[in-house]
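Participant: Model the following, please.
(one chain, ligands or ions: 1)
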Amino acid sequence: MSQPEESKRLLLVAACALVDGDGRVLIAQRPEGKQLAGMWEFPGGKVEPGETPEETVVRELREELAIETKVACLAPLTFASHAYESFNLLMPLFVCRRYWGIPQAQEGQALKWVRPNKLRDYPMPPADEPLIPFLIDLL
Ligand SMILES: Nc1nc2c([nH]c(=O)n2[C@@H]2O[C@H](COP(=O)(O)OP(=O)(O)OP(=O)(O)O)[C@@H](O)[C@H]2O)c(=O)[nH]1
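Facilitator: Residues are numbered from 1 along each chain as shown. Just a heads-up that it's a prediction; the model follows:
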């Protein structure tokens, strides 16, 4: 059952477009069993209490992809604001070109490096679609 508008919570999620030397960005496929399973998304996750969104990205890149980066290596690009049925999502999107290690899926998720103008070939959560033109412009 959908919740009335006024009781929807605001969920803060921080996400990152990792960029390689060829100007491609990394997307990851949400595993089966999760909400929005099969959709391709930017690495990231919920901002935990006490964290800055940048710290969330550094942590999530380590947990999901086993790579290291630094807060100083994250540049804010834009944000997504989307009303899902049960929550309102606010998702800053950072760009990261400097990181250490080769991304390897730590949670069984498929990974793909994609040129921004090909992102529309991959089904993404509805919140993500408005982000694509910003990446096309940047890269
Ligand atoms: N990481 C990420 N999350 C996104 C994107 N777009 C988008 O709508 N989301 C939503 O933001 C939330 C991210 O939360 P999450 O990844 O930490 O959580 P999850 O659903 O995997 O749950 P869990 O980690 O608690 O099991 C999900 O509801 C996800 O659908 C995106 O590009 N990247």
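Participant: how far away is residue 66 from residue 38?
Facilitator: Remark: distance between residue 66 and residue 38 (C-beta to C-beta, to the nearest Å) = 23 Å. Using the backbone N, CA and C atoms, a C-beta is placed for each residue, glycine as well.
Participant: What is the burial count for residue 33?
Facilitator: Close neighbours of residue 33, defined as other C-beta atoms under 10 Å, add up to 6.
Participant: Which of the three states applies to it?
Facilitator: In the three-state summary, residue 33 is assigned as coil, counting by DSSP: H, G, I helix; E, B strand; the rest coil.
Participant: any low-confidence regions in the chain?
Facilitator: The chain contains residues with pLDDT under 70 at 1-5.
Participant: again, 80 this time
Facilitator: With pLDDT under 80 as the threshold, the chain has low-confidence stretches at 1-6.
Participant: Any buried residues in stretch 115-126, and which?
Facilitator: Applying a neighbour-count criterion of 16 or more other C-beta atoms under 10 Å, one finds 116, 119, 124, 125 buried in stretch 115-126.
Participant: First-to-last residue distance for it?
Facilitator: With C-alpha to C-alpha, to the nearest Å as the measure, stretch 115-126 spans 19 Å from end to end.
Participant: Can you pull the residues of this structure lying near the ligand?
Facilitator: Proximity of the chain to the ligand is assessed by C-beta under 6 Å from any ligand atom, with 13, 15, 34-36, 41-42, 44-46, 89, 125, 127-128 identified as the residues in range.
Participant: before we move on, the earlier item: quick one: which two of the buried residues of stretch 115-126 are the most distant?
Facilitator: Maximum pairwise distance among those (C-beta to C-beta): 16.6 Å, between 116 and 125.
Participant: on that earlier part again, going through the residues of the chain next to the ligand, which ones are buried?
Facilitator: The neighbour-count test (16+ other C-beta under 10 Å) applied to the residues of the chain next to the ligand identifies 13, 15, 41, 42, 44, 89, 125, 127, 128 as buried.
Participant: Just list whatever residues bridge to the third one.
Facilitator: Residue 41 forms beta bridges with residue 28, as assigned by DSSP bridges.
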